[in-house]
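Undergrad: whatever this is, show me its structure:
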Amino acid sequence: MKKILSVLAVAGLASSALAAPALTLNEGASPAVFANGAGSGFGGTLGSGSISMDVVGSNLVISFAAGGSLNDLVAIFLDTRSGGFTDADMNDNADGGRRAISNLTRDINDNGPAGMGAADFGLVIAGFGSVLFQLNAGSTDGHLQFEIFNGTQNISIPLALLGNPSQVDFYAAYVSDSGYSSNESLPASPGLQANGNPGFGNGEFGGVTPASGEVDYTAFNRFVIPTPGAAALVGLGALVAGRRRRA
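TA: Purely as a prediction, here's the structure:
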């Protein structure tokens, strides 16, 4: 059956108002494609790339298509349930993936979009593949909980693991293994793109951070999980249309 995949780009401003949707409706088996990123500090890998989401059976499938050479780490922050954690809550340096998800820019905190809840899961996509971590507070190396690894730039995640959400809010950043941040994001965060790469956040490499002294990601995307009833309704409409054409 066809699935309704509602996609909303959400502005993370103080009003938390919805911005114009990236895609209002995507019918059919193809995934919803989010290609509303910006920034080219590391060559546009994320800024000119895209993230796709689809529900296949009881799993959420997330895929990344790079807009340039995938030499660094795409860090995707997923809000799927109540609660969650911020950059200020976590610091895990056991490996580059954990470092990217728990302490994106090495020497300062990174602020997630206003209007989006704190992230519950962190997904890292790189040349080695895709790895999902469940987030938790702490500063001990290895404290982030490993969940799933796949050796390609796509991953299938059980919806039950995510808390059986009705929607997934997310944003993505692009950072080196050592914590040197680019000005690339998906969706676009104009304040971030208006400056150079934040780098390590200490100004040593010429990157200009926002006036707050922290890196601010100000927008997020929303993927609405199709409900069985909605999928059945679309399927029925397709069946009726097919019969009319044959008549």
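
Undergrad: which residues of this structure score low on pLDDT?
TA: Scanning the chain with the threshold set as pLDDT under 70 gives 1-30, 203-213, 229-247.

Undergrad: mind redoing it with 50?
TA: For the chain, the stretches flagged by pLDDT under 50 are 1-29, 230-241.

Undergrad: helices along that one, start to end?
TA: 96-102, 190-193, 228-246 (DSSP state H).

Undergrad: could you list the buried residues of stretch 222-230?
TA: Going by neighbour count (16 or more other CB atoms under 10 Å), the buried part of stretch 222-230 is 222-226, 230. From N, CA and C alone the C-beta is placed, and that goes for glycine too.

Undergrad: pull the most distant pair out of those.
TA: With distances taken as CB to CB, the most widely separated pair in those is 222 and 230, at 15.7 Å.

Undergrad: what's near enough to touch the residue nearest to residue 54 when sequence neighbours are not counted?
TA: In space, residue 54 comes closest to residue 31 once its chain neighbours are excluded; the distance is 3.4 Å by CB to CB, 6 or more residues apart in numbering. Contact analysis of residue 31 by CB atoms under 8 Å, 6 or more residues apart in numbering lists 5, 52-54, 61, 63.

Undergrad: whichever of these end up buried, select them in PyMOL.
TA: Of those, the buried ones go into a single PyMOL selection, burial set by 16+ other CB under 10 Å:
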select buried, resi 5+52+53+54+63
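
Undergrad: how about a markdown table for the contacts of residue 31, with distance to residue 168 added?
TA: Output for these, formatted as a markdown table (distance: CB to CB, whole Å):
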| residue | distance to residue 168 |
| --- | --- |
| 5 | 11 |
| 52 | 12 |
| 53 | 7 |
| 54 | 11 |
| 61 | 12 |
| 63 | 14 |
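
Undergrad: filter the contacts of residue 31 down to the ones in strands?
TA: Cross-referencing the contacts of residue 31 against strands under DSSP state E gives 5, 52-54, 61, 63.

Undergrad: closest to residue 72 among the residues you listed?
TA: residue 63 (17.8 Å).

Undergrad: state the distance from the closest residue to that closest one other than its chain neighbours to residue 117.
TA: In space, and not counting its chain neighbours, residue 63 is closest to residue 154: 3.8 Å by CB to CB, 6+ apart. As judged by CB to CB, to the nearest Å, residue 154 and residue 117 stand 25 Å apart.

Undergrad: can you tell me which residues contact residue 163?
TA: Residues near residue 163 by CB under 8 Å, 6+ apart: 80-81, 120.

Undergrad: let's go with 7 Å and repeat that
TA: Residue 163 makes contact with 80-81, according to CB atoms under 7 Å, 6 or more residues apart in numbering.

Undergrad: quick one: it from residue 152, how far?
TA: Relative to residue 152, residue 163 is positioned 25 Å away (CB to CB).

Undergrad: make sure residue 32 is actually in contact with residue 223.
TA: Yes: the pair residue 32 / residue 223 is scored as a contact, 6.0 Å apart, by CB atoms under 7 Å.

Undergrad: count of neighbours near the residue nearest to residue 221 when sequence neighbours are not counted?
TA: Among residues not flanking residue 221 along the chain, residue 34 sits closest, at 5.0 Å (CB to CB, 6+ apart). Neighbourhood size, residue 34 [other CB atoms under 10 Å]: 23.

Undergrad: ok, residue 155 to residue 52 distance?
TA: 11 Å.

Undergrad: let me fix that, I meant to ask about residue 169.
TA: Counting by CB to CB, the gap from residue 169 to residue 52 is 16 Å.
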